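Participant: this one's structure only:
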């Protein structure tokens with residue numbers, strides 16, 4: 001066992017001795033410097049990444065997921081921005097989770113997401129009047145009412 005451990009330590013120390021540098025190729029064949037330059041070229045979070053967060057409820061890339069939650073794909077940019085701001089300020093409270101989700105999102109990120117979704121192929125929704133035509137389920141109403149009254 002001691003010989004194995006000694007051999008292992010000898011191999012590791014020889015790698016250090018022969019100067020295996022951090023600039024050697026890493027994932028994808030890029031050096032640390034190349035990765036850094038790539039990250040600067042595509043700062044995070046990108047609109048695509050931000051929009052992907054919506055997919056759990058709104059479907060992949062904003063395509064319709066169910067009757068209660070509208071598709072975002074092809075949504076008018078100004079309408080998206082206005083609705084997100086309503087959720088962020090608490091003006092809209094029809095779905096409490098949106099008020100929570102929008103809090104950490106900056107205005108610039110909302111605009112980037114709006115532009116991203118506006119460029120997607122529109123997906124027709126089964127509701128004629130958009131979000132005003134949605135019948136909120138009882139469980140969601142109870143949660144909204146609790147929040148409005150300050151009940152935990």
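Facilitator: That came through, no problem. Only a predicted model underlies this, so the values are computations on that prediction, with no experimental measurement involved.
Participant: does residue 47 touch residue 116 like I think?
Facilitator: Yes - using CB atoms under 8 Å, residue 47 is in contact with residue 116, at 3.9 Å. Glycine gets a C-beta too; all of them are placed from N, C-alpha and C.
Participant: the two: who's more crowded?
Facilitator: residue 116 (23 against 16; other CB atoms under 10 Å).
Participant: surely that one and residue 49 touch.
Facilitator: No - applying CB under 8 Å as the test, residue 116 and residue 49 come out as separate, 9.8 Å apart.
Participant: list the buried residues of the helix or strand encompassing residue 82.
Facilitator: Using DSSP states H and E, residue 82 maps to helix 77-89. Buried residues in helix 77-89, counting neighbours by 16 or more other CB atoms under 10 Å, are found at 80-81, 83-84, 86-88.
Participant: please identify which of those is nearest to residue 101.
Facilitator: Nearest to residue 101, judged by CB to CB, of the buried residues of helix 77-89 is residue 87 at 7.5 Å.
Participant: please name the residues that touch the closest one.
Facilitator: 95, 98-99, 101-102 (CB atoms under 8 Å, 6 or more residues apart in numbering).
Participant: for residue 110, same thing?
Facilitator: 80-81, 84-85, 88, 102.
Participant: mind redoing it with 7 Å?
Facilitator: By CB atoms under 7 Å, 6 or more residues apart in numbering, the residues touching residue 110 are 81, 84.
Participant: sticking with it, tell me its helix or strand.
Facilitator: Assigned by DSSP H and E, residue 110 falls in helix 107-118.
Participant: what angle separates that helix from helix 77-89?
Facilitator: Put simply, helix 107-118 runs at 140 degrees to helix 77-89, going by axes from the mean of the first three to the mean of the last three CA atoms, to 10 degrees.
Participant: and helix 107-118, which residues are buried?
Facilitator: 109-110, 112-114, 116-118.
Participant: got the contact list for residue 53?
Facilitator: Taking CB under 7 Å, 6+ apart, one finds nothing in contact with residue 53.
Participant: how close does it get to residue 46?
Facilitator: Distance, residue 53 to residue 46, by CB to CB, to the nearest Å: 11 Å.
Participant: repeat for residue 77
Facilitator: To residue 46, residue 77 is 17 Å away according to CB to CB.
Participant: again with residue 116
Facilitator: Residue 116 is 9 Å from residue 46, by CB to CB.
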